[in-house]
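Undergrad: My questions are about this predicted structure, shown below with the sequence.
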Amino acid sequence: MKTMLAPLVAAMALCMGAHLSPAHAESVRPPLAAPGVIQVPGVERYQLGDTEVFALSDQRFVIDAAPFAKLPQSEWPQAMARSFQTDPSLHSVTAYAIRQGNTVVLVNAGRGVRLGEDLGQVAQNLKSAGISPDEVQAVFLTNLHAHQVSGLLSRDEQRQFKNAQLYASPEAMVHWLADHHYVQAPDQEKVAFAATITSLMPYVKSGKLQAADSGVSLVRGLSVLPLAGGAPGSVGYLIESGGHKLLITGDSTASARDRRHALSQAAKQRWIVADGLAPFPGFDRRPKNAEGQLSQAPRGVASK
């Protein structure tokens, strides 16, 4: 695959200059872990059959919400209430670690320190969960936006997960890495392309980026679920264990309608959802009411 490595210097300068302000510390919900398992801030463990799933916070951050809002500001409070948020400028990014015996994989890597000095907490929170970044055998990416891939690099611009193979959808790889897409992109979008390409290149050069379908056999019960809308090639990862299913998503560019459609599908199938863009830790079982509509308040994942 032909890639575009230059001219990215100017775009990266803009990217590195973007201002992101850390918000207050994450609030941790009552533990979902088994009795006797210690919870730490920024990490939440959920047991799915014989599979452990760890939510790893990448820290909340504040952005200017106005340029991203598709609704009149007068309608923001109602929209926030529907999505269980209180501040349209407060965003959260969560990655997820999956452990089955000696197998450890991640779903997404977070924003990383390159997008803000107080971000890039995924690797540290992974260590807090008792897992070394060197134990990670694969990173499955829901999309290749900077929100999910910038955490692939450490502060010294080296591979954060040295022994990991990356997996993404072929459509996402073509969109973000084919040189003509970068060349044809509007100037304001070249910043996003630059951040993604820079984060992926150390892995690409080592032959460590492959199609997602080729890697799911690493984790028993894992499959790829294409998702409509959002970034090109966006997918979710569905894992089944112990008679339960959990869908991991994380597309910051998906519309409210598309995200609601994914939640509706999960509710119909009685799947648990781990939403990497929802308030930490993102675990949720969203049931439908008697009229077949999504309930207006999420229930804990322990609901049966």
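TA: Received it, and whenever you're ready, just let me know what you need. Numbering: from 1, shown residues only.

Undergrad: thought residue 277 was touching residue 250?
TA: Yes. The criterion here is C-beta atoms under 8 Å, and residue 277 meets it with residue 250 at 5.8 Å. To be clear about C-beta, it is placed using only N, CA and C from the backbone, and glycine gets the same treatment.

Undergrad: Give me the pLDDT for residue 8.
TA: Residue 8 is assigned 41 on the pLDDT scale.

Undergrad: er, residue 59 actually
TA: Confidence at residue 59, expressed as pLDDT, is 73.

Undergrad: is it fair to say it lies in a strand?
TA: Yes. Assessed with DSSP: H, G, I helix; E, B strand; the rest coil, residue 59 lies in a strand.

Undergrad: Out of residue 277 and residue 250, name the residue with the larger neighbour count.
TA: Higher neighbour count among residue 277 and residue 250: residue 250, with 30 against 19, using other C-beta atoms under 10 Å.

Undergrad: how far away is residue 97 from residue 192?
TA: Distance, residue 97 to residue 192, by C-beta to C-beta, to the nearest Å: 26 Å.

Undergrad: Quick check: longest helix in the chain by residues?
TA: If you go by DSSP state H, the chain has its longest helix at helix 187-205.

Undergrad: helices and strands around it, which ones?
TA: helix 9-17, helix 146-149, helix 170-177, helix 179-184 (3 or more C-beta pairs under 8 Å, 6 or more residues apart in numbering; DSSP states H and E).

Undergrad: those strands in the stretch 201-304 of the chain, which residues are they?
TA: Counting by DSSP state E, counting those that start in this stretch, the stretch 201-304 of the chain has strands at residues 209-211, 222-226, 235-241, 244-249, 272-275, 283-284.

Undergrad: Turn the ones you listed into TSV, including mean pLDDT and mean neighbour count.
TA: TSV is the format used below for the strands of the stretch 201-304 of the chain (pLDDT from 0 to 100; neighbours: other C-beta atoms under 10 Å):
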stretch	mean pLDDT	mean neighbour count
strand 209-211	97	16
strand 222-226	94	17
strand 235-241	95	22
strand 244-249	94	23
strand 272-275	90	24
strand 283-284	84	22
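
Undergrad: Brilliant, that's me finished.
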